[in-house]
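In: Show me how the following folds:
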Amino acid sequence: KATVSVLNWPRAEVGVVAVMHGVACRARRWCSGAAAAAAAAPHTKTSIAPPAAYGVLEGGYAPVEDVLGQPTPHTHPHLLLPGEVTPGISQEEYALRRRVLLRNLPQGTICVVTGYPTRIMTHDIPYPFRQESNFLFLTGCQEPDAAAIFVIRKTGADAEAEDGLSAARQDATQPPPRDREWMLFVGEKDSRTELWEGIQTGVPNARRYFGADVCHPRGRFESVLSDLLAENPSAKVYAHCAHNPTYSKVFADLAGKTGRTWGDATPILSGLRAFKNVPQIDMHMKSAGITSEMFRAAMRTTRPGLSEAAVYAVMEFEARMRGANWLAYPPVVAGGASGLSLHYVKNDQILRDGDLLLIDAGAELHGHPTDVTRTWPVGKTFTEPQRKVYEAVLSIQRQLLDAVRPGVCVSKLQQLNRLLTAEALLALGILDPRDGSAEAQATAAKTIKIFPHAFGHFMGMDIHESPPGNAGQTLRARMMHTIEPGIYIPPDPTIPEEYHGICVRIEDNVVLTDDGHTNLTASAPKDVAEIEAIRAEGLANERRLSFA
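Out: As a prediction, the model looks like this:
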């Protein structure tokens, strides 16, 4: 019931975009004025109170001038505008997301969502921390091992919303109904931990900054959850915590003591996150802009004799210098036949003249990643066989992009991609027409070997997202998807030798609009003439690279 209700969120999509865009615009207008005031007196400590509405949202936002465990508008004005919890995402926006979740869970429900733990790289040295996307989407909290509990108590009256937009339609300044509550669990401030790991937010500041109705030390999670279960013996419990061993153990222990079972909250959260709103799309657009420049830099730098690792380094340098936190995933930097391994991430070979370089990479900007693939020659120009394959893949991608609009089923696009690929392989002489038509060979073993993956995947705050019903999913406005056809030609004796080892993939990220889509990554070069012009410019620069 809860899942179906969440999936009804896109009804009257114009309404929610208008509401959310209005909220964002009001916040931006206020923030711009505040930023200007602060800039006018740069040497004066300025305390700018947020709009009055912030004081009554949910648990009650209040300006926090203490140094917290994550960037705030007070400590990082170069990253956050006043009123933002994380860069680009306001307090009001996070409140709206939680309201949509709370309004679409049935009465008598407890929903638990937890963050990631700290992950260890070597001995006691942690990896850089990246928060679990569902927890970040709902709270904005960047603290490891944090958790949230959402409670929807039974009141005897049917207060459930009929669709997920009802929350967004309401005045965001109104406090939540008393039967709905969200609790946040964070670590207590500890001077020894702060000495080694940096400032912690602490319980009082966390409640004020993230707007929780109640905030507890995370050591009380089990006792608070036990009390809630005792108070609500018939409550349906959903949990999204398998990624955190500490909280998973709590649930296992409670299951043993109480005999209660838990439903998986992941489908509910996936349905909620499937539809992107204006602030999130704006952040993905900025991430895409960084990624496009990252690819241009890599195209200019590539040359025979350089290592794949060096090109990787150029891309990461460019991304970070333009404001990205890091690369969104370990990139594929595959010279020549290395591209036959779709997830080749060793990136340790030397680039050879006459080969192609296939790179699958993207920047991540404050939790908003990009996922792009481009292919270009290590030398100055494509060889004739390379050009033929490349233009075939580019043609397939353009036809797929022409077909992407709301109402189109993902499975139909996959069928179209396979058909277009078979037609291209027949035209190239890679498939034998004596083995049948393009329709007959679209799903043949040889075709699948040359194009073994899907035409794309849903994406958002996670690179790979899976809305409920993914296999037969119909595209709808405000969903994000990649479009990534490819051709990977193995050294097969039945295939002309001139094509052996040629690997081409072209991938873009699109967001669905009411009547079509917007290609967020269109500025990353992919036309043959533009690529070869960039390659010529790069090779003409004889400056010796320190890592060459």
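
In: pretty sure Y312 is touching N347, no?
Out: Yes: using Cβ atoms under 8 Å, Y312 is in contact with N347, at 5.2 Å. Backbone N, C-alpha and C define where each C-beta goes, glycine included.

In: and for those two, which residues touch both?
Out: Any residue near both Y312 and N347 by Cβ atoms under 8 Å, 6 or more residues apart in numbering counts here, and that gives 331, 333.

In: So what touches whichever helix or strand L225 is part of?
Out: For L225, the host element (DSSP states H and E) is helix 221-231. Helix 221-231 has contacts (Cβ under 8 Å, 6+ apart) with 110, 112, 147, 149, 151, 183, 185, 216, 235, 237, 247, 250, 253-254, 258, 260.

In: I'd like the list of those residues that fall within strands, please.
Out: 110, 112, 147, 149, 151, 183, 185, 216, 237 (DSSP state E).

In: Just the pLDDT at the last one, thanks.
Out: In this prediction, V237 carries a pLDDT score of 94.

In: if I look at it, how far off is L425?
Out: Separation of V237 from L425 (Cβ to Cβ, to the nearest Å) stands at 51 Å.

In: ditto for the fourth one
Out: Counting by Cβ to Cβ, the gap from I149 to L425 is 54 Å.

In: which of the two has more neighbours?
Out: For I149 versus L425, the count of surrounding residues by other Cβ atoms under 10 Å is larger for L425: 26 against 23.

In: Helix, strand, or coil at the most far-flung residue of the chain relative to its centre?
Out: Distance from the C-alpha centroid of the chain, by Cα atoms, centre = their mean, peaks at R434 (44.5 Å). Classification of R434 using DSSP: H, G, I helix; E, B strand; the rest coil returns helix.

In: so how far is L426 from it?
Out: 11 Å.

In: List the contacts of the most centrally placed residue in the chain.
Out: Nearest to the geometric centre of the chain sits M461, at 2.1 Å (Cα atoms, centre = their mean). Going by Cβ under 8 Å, 6+ apart, M461 touches 133, 136-137, 273, 280, 367-369.

In: list the contacts for the closest residue to P87 other than its chain neighbours?
Out: The shortest distance from P87 to any non-neighbouring residue, by Cβ to Cβ, 6 or more residues apart in numbering, is to H366 (4.3 Å). For H366, the contact set (Cβ under 8 Å, 6+ apart) comprises 79, 86-88, 283, 325.

In: mind listing what E465 touches?
Out: 270, 273-274, 457-459, 480.

In: can you rerun that using 10 Å?
Out: 133, 270, 273-274, 457-459, 479-481 (Cβ atoms under 10 Å, 6 or more residues apart in numbering).

In: same thing with Q70?
Out: Under the criterion of Cβ under 10 Å, 6+ apart, the neighbours of Q70 are 76, 80, 85-86, 129, 131, 140-143, 198-201, 209.

In: Output the below-cut-off pLDDT ranges for this structure.
Out: Applying pLDDT under 70 to the chain flags residues 1-65, 156-178, 468-472, 542-548.

In: 90 instead?
Out: 1-67, 103-107, 124, 153-180, 193, 197-198, 232, 255-261, 466-473, 541-548 (pLDDT under 90).

In: Does E181 lie in a helix or a strand, and which?
Out: Assigned by DSSP H and E, E181 falls in strand 180-186.

In: For that strand, output the C-alpha coordinates as PDB.
Out: The C-alpha coordinates for strand 180-186 follow below in PDB (Å, rounded to 0.1, in the frame of the first residue of the first chain):
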ATOM      1  CA  ARG A 180       3.800  12.100  12.400                       C
ATOM      2  CA  GLU A 181       7.300  12.500  13.800                       C
ATOM      3  CA  TRP A 182      10.900  12.000  12.700                       C
ATOM      4  CA  MET A 183      13.700  11.200  15.000                       C
ATOM      5  CA  LEU A 184      17.400  11.600  14.300                       C
ATOM      6  CA  PHE A 185      20.300   9.700  16.000                       C
ATOM      7  CA  VAL A 186      23.800  11.000  15.900                       C
END
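
In: What helices and strands are in contact with the next helix or strand after it?
Out: Moving toward the C-terminus from strand 180-186, the next helix or strand (DSSP H and E) is helix 191-197. Applying 3 or more Cβ pairs under 10 Å, 6 or more residues apart in numbering; DSSP states H and E, one finds that helix 191-197 contacts no other helix or strand.

In: Please verify my assumption that I89 contacts L136.
Out: Yes: shown here, I89 and L136 form a contact pair, counting by Cβ atoms under 10 Å, at 9.3 Å.

In: These two: which is more packed in?
Out: Taking other Cβ under 10 Å, I89 and L136 do not tie; I89 has more neighbours (25 against 22).

In: Next up, the contacts around the more buried one.
Out: So I89 contacts 24, 27, 80, 97, 136-137, 140, 277, 279-280, 282-283, 366-368 (Cβ under 10 Å, 6+ apart).

In: picking that back up, buried ones from the contacts of helix 221-231, can you make that a ChimeraX selection?
Out: The buried subset of the contacts of helix 221-231, as determined by 16 or more other Cβ atoms under 10 Å, is captured in ChimeraX by this line:
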select :110,112,147,149,151,183,185,216,235,237,247,250,254
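
In: quick check, nearest of the contacts of helix 221-231 to T72?
Out: Using Cβ to Cβ, F185 comes nearest to T72 of those, at 19.9 Å.

In: how near is that closest one to I534?
Out: Using Cβ to Cβ, F185 is found at 50 Å from I534.

In: does T443 sit in a helix, a strand or a coil?
Out: T443 - assigned by three-state DSSP - is coil.

In: wait, isn't it in contact with A422?
Out: Yes: contact status for T443 versus A422: in contact at 8.5 Å, counting by Cβ under 10 Å.

In: More neighbours: which of those two?
Out: A422 (25 against 12).

In: part of a helix, is the more buried one?
Out: Yes: assessed with three-state DSSP, A422 lies in a helix.

In: Can you give me the neighbour number for the residue nearest to P369 when sequence neighbours are not counted?
Out: Nearest residue to P369, sequence neighbours excluded (Cβ to Cβ, 6+ apart): A328, at 3.4 Å. Applying other Cβ under 10 Å, we find 25 residues neighbouring A328.

In: any idea how far A328 is from T266?
Out: To T266, A328 is 21 Å away according to Cβ to Cβ.

In: Settle this for me: H457 is touching M479, isn't it.
Out: No: here H457 lies out of contact with M479, judged by Cβ under 10 Å, at a distance of 11.3 Å.

In: between those two, who's got more neighbours?
Out: In this view H457 and M479 are compared by other Cβ under 10 Å, and M479 has more residues nearby, 23 against 19.

In: who's in contact with that one?
Out: M479 neighbours (Cβ under 10 Å, 6+ apart): 10, 274-276, 406, 410, 458-460, 465, 467, 473, 510-512, 517.

In: show me what contacts the closest residue to C409 other than its chain neighbours?
Out: Counting by Cβ to Cβ, 6+ apart, C409 lies nearest to T474, which is 5.2 Å off, once chain neighbours are set aside. For T474, the contact set (Cβ under 10 Å, 6+ apart) comprises 406-412.

In: farthest pair in those residues?
Out: P406 and S411 (15.6 Å).

In: more neighbours, those two?
Out: Neighbour tally, P406 and S411, criterion other Cβ under 10 Å: the higher count belongs to P406, 18 against 14.

In: Report the separation between that one and P496.
Out: P406 is 41 Å from P496, where distance means Cβ to Cβ.

In: same check, this time on F382
Out: Counting by Cβ to Cβ - F382 and P496 are separated by 17 Å.

In: likewise R273?
Out: With the distance defined as Cβ to Cβ, R273 ends up 46 Å from P496.
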